[in-house]
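J.: Quick check, what structure comes out for this input:
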Amino acid sequence: MDSDEAEACGRCAMSSVVDVADSAGDGEGPQDPFDGGRIEVSEDEMRKAAAPAVVAGRVKRKLNEVATKLTYGRT
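T.: This next block holds a predicted model:
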(Lines give C-alpha, C1' and ligand atoms only; values in the text may rest on other atoms or scores of the structure.)
Protein backbone atom coordinates (compact mmCIF):
# COMPACT_ATOMS: atom_id res chain seq x y z
CA MET A 1 0.00 0.00 0.00
CA ASP A 2 1.35 3.41 -0.96
CA SER A 3 1.69 6.03 1.79
CA ASP A 4 -0.90 8.13 -0.07
CA GLU A 5 -3.36 5.26 0.20
CA ALA A 6 -2.82 4.63 3.93
CA GLU A 7 -5.62 5.65 6.21
CA ALA A 8 -4.78 8.51 8.54
CA CYS A 9 -7.42 7.53 11.09
CA GLY A 10 -5.51 4.56 12.49
CA ARG A 11 -8.34 2.12 11.82
CA CYS A 12 -5.96 -0.43 10.30
CA ALA A 13 -3.73 -0.39 13.36
CA MET A 14 -6.70 -0.80 15.69
CA SER A 15 -7.99 -3.73 13.64
CA SER A 16 -4.59 -5.42 13.94
CA VAL A 17 -4.47 -4.87 17.69
CA VAL A 18 -7.97 -6.25 18.14
CA ASP A 19 -7.14 -9.29 16.00
CA VAL A 20 -4.02 -10.05 18.04
CA ALA A 21 -5.79 -9.53 21.37
CA ASP A 22 -8.75 -11.62 20.24
CA SER A 23 -6.70 -14.72 19.49
CA ALA A 24 -4.68 -16.74 21.97
CA GLY A 25 -2.16 -17.66 19.31
CA ASP A 26 -2.97 -21.35 19.56
CA GLY A 27 -6.18 -21.28 17.54
CA GLU A 28 -8.41 -22.06 20.53
CA GLY A 29 -10.31 -18.79 20.60
CA PRO A 30 -10.07 -15.67 22.74
CA GLN A 31 -7.29 -15.37 25.29
CA ASP A 32 -8.28 -15.23 28.96
CA PRO A 33 -6.58 -12.13 30.45
CA PHE A 34 -6.67 -13.71 33.92
CA ASP A 35 -5.01 -16.94 32.79
CA GLY A 36 -1.36 -17.47 33.68
CA GLY A 37 0.99 -15.71 36.04
CA ARG A 38 0.62 -12.13 37.14
CA ILE A 39 2.17 -9.71 39.56
CA GLU A 40 -0.01 -8.78 42.49
CA VAL A 41 0.89 -5.85 44.72
CA SER A 42 -0.74 -4.96 48.02
CA GLU A 43 -2.43 -1.59 48.39
CA ASP A 44 0.26 -0.35 50.81
CA GLU A 45 3.05 -1.32 48.38
CA MET A 46 1.22 0.38 45.55
CA ARG A 47 0.88 3.60 47.55
CA LYS A 48 4.63 3.55 48.32
CA ALA A 49 5.46 2.93 44.66
CA ALA A 50 3.13 5.68 43.46
CA ALA A 51 4.27 8.31 46.00
CA PRO A 52 7.01 9.85 43.78
CA ALA A 53 4.58 10.22 40.89
CA VAL A 54 2.03 11.90 43.18
CA VAL A 55 4.65 14.34 44.47
CA ALA A 56 5.86 15.08 40.94
CA GLY A 57 2.28 15.77 39.85
CA ARG A 58 1.77 18.21 42.71
CA VAL A 59 5.04 20.02 41.93
CA LYS A 60 4.09 20.22 38.25
CA ARG A 61 0.70 21.68 39.11
CA LYS A 62 2.30 24.36 41.32
CA LEU A 63 4.87 25.22 38.64
CA ASN A 64 2.08 25.55 36.06
CA GLU A 65 0.17 27.87 38.41
CA VAL A 66 3.24 30.08 38.90
CA ALA A 67 4.01 30.13 35.16
CA THR A 68 0.41 31.02 34.32
CA LYS A 69 0.40 33.81 36.90
CA LEU A 70 3.69 35.22 35.58
CA THR A 71 2.58 34.92 31.97
CA TYR A 72 -1.00 36.15 32.16
CA GLY A 73 -1.09 37.91 35.54
CA ARG A 74 -3.77 35.59 36.86
CA THR A 75 -4.19 32.08 38.29
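J.: so where do the strands sit in the chain?
T.: Using DSSP state E, no strands are found in the chain.
J.: lowest-confidence helix or strand of this protein?
T.: Here the helix or strand of the chain ranked lowest by mean pLDDT, DSSP states H and E is helix 11-22, holding a mean of 65.
J.: can you tell me which helix in the protein is longest?
T.: helix 43-72 (DSSP state H).
J.: buried ones in that helix?
T.: Within helix 43-72, no residue counts as buried by 16 or more other CB atoms under 10 Å. Placement of C-beta: from N, CA and C, glycine included.
J.: pLDDT of that helix, averaged?
T.: The average pLDDT for helix 43-72 rounds to 95.
J.: which secondary structure elements does that helix contact?
T.: If you count contacts as 3 or more CB pairs under 8 Å, 6 or more residues apart in numbering; DSSP states H and E, helix 43-72 packs onto no helix or strand.
J.: any idea how far Ala49 lies from Glu43?
T.: The gap separating Ala49 from Glu43 is 11 Å, by CB to CB, to the nearest Å.
J.: Phe34 now?
T.: 19 Å.
J.: for Gly36, same thing?
T.: Using CB to CB, we find Gly36 at a distance of 23 Å from Glu43.
J.: Same check on Ala56?
T.: Ala56 sits at a distance of 21 Å from Glu43 (criterion: CB to CB).
J.: Gly36: how many residues sit nearby?
T.: Look at Gly36: counted by other CB atoms under 10 Å, it has 7 neighbours.
J.: pLDDT at it, what is it?
T.: 77.
J.: give me phi/psi at it?
T.: phi 90, psi -170 (degrees, to the nearest 10).
J.: which ones are touching it?
T.: For Gly36, the contact set (CB atoms under 8 Å, 6 or more residues apart in numbering) is empty.
J.: State the distance from Ala56 to Ala50.
T.: Ala56 sits at a distance of 10 Å from Ala50 (criterion: CB to CB).
J.: Neighbours of Gly73, how many?
T.: Counted with other CB under 10 Å, Gly73 comes out at 7.
J.: I am finished for the moment; much appreciated.
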